[in-house]
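# Quick one, what's the 3D model for this:
(2 chains)
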Amino acid sequence: MKLPHFNYLKPNSIDECLDFLSQQGQQASILAGGSDLMVHLKQKTEHPSYVVDINNIVSNEINLEKDFLKIGAMARLADISKSKAVITAAPVLAETAKKVGATQLQYMGTIGGNVCLNTRCLYYNRTPQWKQSKPGGACLKSGGNVCHAAPKSKQCFALYQGDMAVTLIALKSMLTVVSPLGEKNIQIEDFFTGDGLKPNKLKKNELVKDISVPLARNTQKAVYLKLRNRESIDFPMVGIALALAVDEKGLIQNLRMVVGGINSAPVLVPELENIFLHKKCNQFNFDDGKRFEIRKLIEKKARTIDNALGSARYRREMAGSLGLMALEKLCH
Amino acid sequence: MENNLNNISVNFKLNGEETNINVPSNTTLLEVLRNHLGITGTKEGCGTGECGACTVLINGNPELACITLIGTVEGKEILTIEGSVAGGPLLKSLQVAFLEEGAVQCGYCTPGMILSSYALLSKVPKPSREEIKESMSGNICRCTGYKKIINAIENVSKQLGGEAE
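A predicted model of the protein is given here:
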């Protein structure tokens, strides 16, 4: 498969890169690991005049600092899954990185790139030839004015199928974004727009520089569960990250569940806190009523339509089941 | 900014030999290997990073040549299935084991399979069967059903263990 025509650039400093992006950002795509971007380029879902490689200028280091685990945006997923610092401070992050794509993609893909993944849809991630054959023409995300998955819709239902962001939100992580105006910190849950057309708030002249994961003060338990079509490689149909803290009396504090793959952004399920907060962690009573209630709370967050593998209903209900599994795993 | 031209000059070490190439900047590593350098051991399967047929080692890590832009390999070391000298005895043992075990049928996935298993065994000399399956999960084979491939890798791993003891 041939790549379209573009110029490859490798800036030597952040300033040089941001200068360029301020002028040409609309015609540029950022290259981190390339495992996703290159596929977009080949399928012509992105058609930039420039591909800007930021591996020389953005850190790939993983450091355990006083209050944070700091991960450079160019850190490879394979390095994250093996890093001693990550396994000590946030083992669930290593577990999540190990569930992204397949082995080779983990060596190529970066955490920054994974967080900034574009949303995906069965009708968007296709070749131009396939799209042309569809009556009604290009879909909303491809620049047209129809949605092939929900024909009367004026909004885009493309799904956010990154894995890392789901776990990072559960761990209350923060992104450092650099722009020509300087650096700013953004809570990663505020980074996403929920809009299938433009899934995150990153401007064309901004870059994600690093990610800070706060170190847990209390005992923290966390898990990431992922359902995918092929266990070895695919994007998540559903990804569930659950993190909770247990105080010295064994009572649950700060329960955070995040669900990925069922919406245009990862979604939190804050309502679960009412059920679990201040309950004894390893003796939670999951009776049928509670199970039903929990499932329904999670399922309500799904905005699934038939635009991915697996029916909308299947993916919605599996989100409930997987969420319940995660809770049972940590609280039973 | 450098390389603001269509063509790009890239230096890298290919199977132990310093290589310089001047190609359009939208060329993939796979295209350079097969079309520009004429070493066709590395195969193109899906072309979109799903099948693992184009796996090569970049600085010792298994990566996909079909979705690697040539500009990104500047200064790096690449090992392909042709690297019988640079790959040392491990590459040879894997090739022999694949043949002996009957892990090769049509052969299209084999170069990728061998390089993925090379990466595994050079990082983890004695992997469990489960670890082998997991780290080979990015390589698809449509002929063998995987069992013989995993057996072959296990055999080499045992040989490695034997040498160490």
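# Could you pick out the residues of chain B near chain A for me?
Contact residues (C-beta under 8 Å from any C-beta of the partner chain) of chain B with chain A: B:1-6, B:8, B:25-28, B:44, B:47-50, B:52, B:55, B:61-64, B:66-69, B:71-72, B:74, B:116, B:134-138. Where you see a C-beta, it was placed from the backbone N, CA and C, and this is true even at glycine.
# Narrow those residues to those in helices?
B:116, B:134-135 (DSSP state H).
# For A:L122, see how far away the residue nearest to the spatial centre of chain B is.
Among the residues of chain B, B:V56 comes closest to the average C-alpha position under C-alpha atoms, centre = their mean, at 2.8 Å. With the distance defined as C-beta to C-beta, to the nearest Å, B:V56 ends up 31 Å from A:L122.
# can you check A:E183 too?
Distance from A:E183 to A:L122, by C-beta to C-beta: 38 Å.
# The two: who's more crowded?
Counted by other C-beta atoms under 10 Å in any protein chain shown, A:E183 and A:L122 do not tie: A:L122 has more neighbours, with 14 against 11.
# Find the nearest non-adjacent residue to the more buried one, please.
Distance criterion C-beta to C-beta, 6 or more residues apart in numbering or on different chains; nearest residue to A:L122, sequence neighbours excluded, is A:N307 at 5.1 Å.
# So the one you found is in contact with A:S153, correct?
No: when contacts are counted by C-beta atoms under 8 Å, A:N307 is not listed as touching A:S153 (10.4 Å).
# and the two? which has more neighbours close in?
Shown here are A:N307 and A:S153; by other C-beta under 10 Å, A:N307 has more neighbours (21 against 14).
# buried set for the longest helix along chain B?
Under DSSP H, the helix in chain B containing the largest number of residues is helix B:147-164. Residues of helix B:147-164 classed as buried: B:148-157, B:159-160 (neighbour count, 16 or more other C-beta atoms under 10 Å in any protein chain shown).
# so where do the strands sit in the chain?
Just so you know, I chose chain A. A:7-9, A:28-31, A:50-53, A:62-64, A:68-72, A:174-179, A:182-187, A:207-214, A:219-227, A:238-246, A:252-260, A:267-268 (DSSP state E).
# that's the wrong chain, I meant chain B
Counting by DSSP E, chain B has strands at residues B:7-14, B:17-24, B:55-58, B:61-64, B:77-79.
# Looking at those strands, which is nearest to A:I298?
Closest to A:I298 of the strands of chain B, according to C-beta to C-beta: strand B:61-64, at 34.9 Å.
# Averaged pLDDT, that closest one. What do you get?
Regarding strand B:61-64, the rounded mean pLDDT is 98.
# Pairing partners for that strand, with directions?
Here strand B:61-64 has these sheet partners by DSSP bridges: strand B:55-58 (antiparallel).
# Residues touching the strand it pairs with, excluding its own?
A:104, B:29, B:33, B:42, B:62-65, B:68, B:73, B:76-80, B:111-113, B:115-116, B:118-119, B:138-139 (C-beta atoms under 8 Å, 6 or more residues apart in numbering or on different chains).
# 6 Å instead?
Strand B:55-58 is contacted by residues A:104, B:42, B:62, B:65, B:76, B:78-80, B:112, B:115-116, B:119 when judged by C-beta atoms under 6 Å, 6 or more residues apart in numbering or on different chains.
# and which of those is nearest to A:G72?
B:K76 (18.8 Å).
# Tell me the pLDDT of residue 44.
In the absence of a named chain, chain A is used. So A:K44 comes in at 93 (pLDDT).
# oops, I was thinking of chain B
At B:E44, pLDDT is 97.
# What values do phi and psi take at it?
phi -100, psi 120 (degrees, to the nearest 10).
# A:Q161 and A:V238 touch, don't they?
No: the criterion here is C-beta atoms under 6 Å, and A:Q161 misses it with A:V238 at 9.7 Å.
# any common contacting residues for these two?
By C-beta under 6 Å, 6+ apart, A:Q161 and A:V238 have these common neighbours: A:G261.
# So which of those two has more stuff around it?
A count of neighbours by other C-beta under 10 Å puts A:V238 above the other of A:Q161 and A:V238, at 28 against 23.
# Enumerate the residues of the stretch 201-332 of chain A near chain B.
A:S232 (C-beta under 6 Å from any C-beta of the partner chain).
# returning to what we had before: list only buried entries from the residues of chain B next to chain A.
Members of the residues of chain B next to chain A classed as buried by 16+ other C-beta under 10 Å are B:3, B:8, B:25-28, B:44, B:47-50, B:52, B:55, B:61-64, B:66-69, B:71-72, B:116, B:134-138.
# Could you tell me which residues make contact with the residue of chain B found nearest chain A?
Per C-beta to the nearest C-beta, B:G138 is where chain B lies closest to chain A, at 2.9 Å. By C-beta under 6 Å, 6+ apart, B:G138 lies in contact with A:102-104, B:52.
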